[in-house]
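> structure, please.
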Amino acid sequence: MKEYYAARAKEYDQIYAKPERQTDLRLIEQWLPSRFEAARIFEIACGTGYWTQFFARVANSVLGVDASAETLQIAQARPTNESVQWLVGDAYALPSPLEPYDAAFAGFWFSHVPLARQQEFLLGLNKTLKPGARVVMLDNLYVEGNSTPLTETDPEGNTYQLRKLADGSSHRVLKNYPNEFDLCDLVAPFGEQATYTTWQYFWAFEYTLR
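Model (predicted):
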């Protein structure tokens, strides 16, 4: 996965140019900042910083972590993200902050987490947050005829896509599509006020750390 996103870095934001998704994107760009007003935000898998630019201007501070140095170089070049700190890091081994964060965001990351590691990821994230922190995850809905087709399901139930890059290379990419009930069950032991929001092509899931 790390190698795929490093190779895809320069063309990653092309996904946000799809004409049919523009209405959803404008709505989410307006919706997302309201979740993070004046917050200290820990952003996981921040990628090129596309989503960071929309909430950084209303946040108290943002630390964006990503496994790919190549995508972080693009994030650092965005003028609206000058006040954000960036760090190359592992989503499954997050650095312990000096002071716990009061919000977290993971955009288009959770769908790449293997089913067997979903709880591990969330528990690791929660350790960086203070009680009452808001966690927001944003990701893709599977839309038949628009989403990249699923080509494989492994014995654990994870699904995969075959993706091609501009250089002609093909990559087998894990891409799961959890539903509202899956997500609520996952966070039930430690989260409350869970909310699931959908648009035509995307979903968002929020919870507050108990």
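> quick check: buried residues in stretch 102-117?
Buried positions in stretch 102-117, judged by neighbour count with 16 or more other CB atoms under 10 Å: 102-113. In this view, the C-beta of every residue, glycine as well, is placed from N, C-alpha and C.
> between the two ends of it, how far is it?
Taking CA to CA, to the nearest Å, stretch 102-117 runs 23 Å from one end to the other.
> that one: how far from the chain's middle?
6 Å (CA atoms, centre = their mean, to the nearest Å).
> name the helix or strand of the protein that has the lowest mean pLDDT.
helix 2-8 (a mean of 73; mean pLDDT, DSSP states H and E).
> is the residue in the chain sticking out farthest from the centre part of a helix or strand, or is it coil?
Relative to the centre of the chain, the most outlying C-alpha is that of residue 168, 25.9 Å out, by CA atoms, centre = their mean. What DSSP: H, G, I helix; E, B strand; the rest coil gives for residue 168 is coil.
> in this protein, which strand is the longest?
The longest strand of the chain (DSSP state E) is strand 129-140.
> quick one: the residue nearest to residue 45 when sequence neighbours are not counted from residue 169, how far?
The shortest distance from residue 45 to any non-neighbouring residue, by CB to CB, 6 or more residues apart in numbering, is to residue 109 (3.6 Å). Separation of residue 109 from residue 169 (CB to CB, to the nearest Å): 22 Å.
> likewise residue 107?
24 Å.
> how about residue 68?
Using CB to CB, residue 68 is found at 16 Å from residue 169.
> also residue 41?
Computed as CB to CB, the residue 41 to residue 169 distance reads 34 Å.
> and if you look at residue 10?
Residue 10 is 13 Å from residue 169, by CB to CB.
> which stretches in this protein count as strands?
Here the chain has its strands, by DSSP E, at 40-44, 61-66, 85-88, 101-107, 129-140, 150-153, 159-164, 170-174, 191-198, 202-209.
> residues in contact with the residue nearest to the spatial centre of the chain?
For the chain, residue 107 is the residue whose C-alpha lies nearest the centre (CA atoms, centre = their mean; 1.9 Å). Each residue near residue 107 by CB atoms under 8 Å, 6 or more residues apart in numbering is listed here: 43, 45-47, 50-51, 137-139.
> by neighbour count, which of those wins?
Most neighbours among the contacts of residue 107, by other CB atoms under 10 Å: residue 43, with 29 neighbours.
> before we move on, the earlier item: any residues touching the least confident helix or strand of the chain, and which ones?
For helix 2-8, contacts defined as CB under 8 Å, 6+ apart pick out 12, 47, 67-71, 163, 165, 167, 169, 171, 173.
> cool, and stretch 120-133?
With CB under 8 Å, 6+ apart, stretch 120-133 has contacts from 42, 44, 91-97, 100-104, 106, 110, 113, 135, 186-187, 190, 208-210.
> from those, list the buried ones, please.
Among these, those classed as buried by 16+ other CB under 10 Å are 42, 44, 91, 94, 100-104, 106, 110, 113, 135, 186-187, 208-209.
> which of residue 68 and residue 169 has more neighbours?
Counted by other CB under 10 Å, residue 68 and residue 169 do not tie: residue 68 has more neighbours, with 24 against 11.
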